[in-house]
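Trainee: here you go, sequence then predicted model.
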Amino acid sequence: MSKMERHEIHVHLHGKVQMVMFRDFIQRKARTLALVGYVCNLEGGVVEVVAQGPEDKLNTLILHLNKGPFLARVARADVKWRNPQKEFDTFSIVY
């Protein structure tokens, strides 16, 4: 994927998003969409997602982020579109 086709989203997810397999869920969805980046837990019960790829696939990921896995309850997803900050080779969970 060329730099021109690569977009990036930076997302903070709020609600019941930790301890519900959220990171694993997002990693599977992102890899299915051939996106790269990472997902991690932050202090205060927030999940952070940085994902890169084509705009249409990122929009699909945003739909999944707003829903989450079965046990999750997403109260708010703060999505910021930005220029890619760094290059990733895969989509990983950061512990």
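Mentor: It's in.
Trainee: count of residues packed around Asp24?
Mentor: By other C-beta atoms under 10 Å, the residues close to Asp24 number 12. (Each C-beta comes from the backbone N, C-alpha and C, glycine too.)
Trainee: now the phi/psi pair for it, please.
Mentor: The phi/psi pair for Asp24 (degrees, to the nearest 10) reads phi -60, psi -40.
Trainee: how near is it to Arg82?
Mentor: According to C-beta to C-beta, to the nearest Å, Asp24 stands 25 Å off from Arg82.
Trainee: stretch 58-68: which residues count as buried?
Mentor: Residues of stretch 58-68 classed as buried by neighbour count (16 or more other C-beta atoms under 10 Å): 58, 60-62, 64-65, 68.
Trainee: in helices, which of those fall?
Mentor: Under the assignment DSSP state H, the buried residues of stretch 58-68 contribute 58, 60-62, 64-65 to helices.
Trainee: show me which of the residues you listed is closest to Leu42.
Mentor: Leu65 (14.6 Å; C-beta to C-beta).
Trainee: helix or strand for the nearest residue to Gly15 once chain neighbours are set aside, just tell me which one.
Mentor: In space, and not counting its chain neighbours, Gly15 is closest to Ala75: 3.3 Å by C-beta to C-beta, 6 or more residues apart in numbering. Under the criterion DSSP states H and E, the helix or strand holding Ala75 is strand 73-82.
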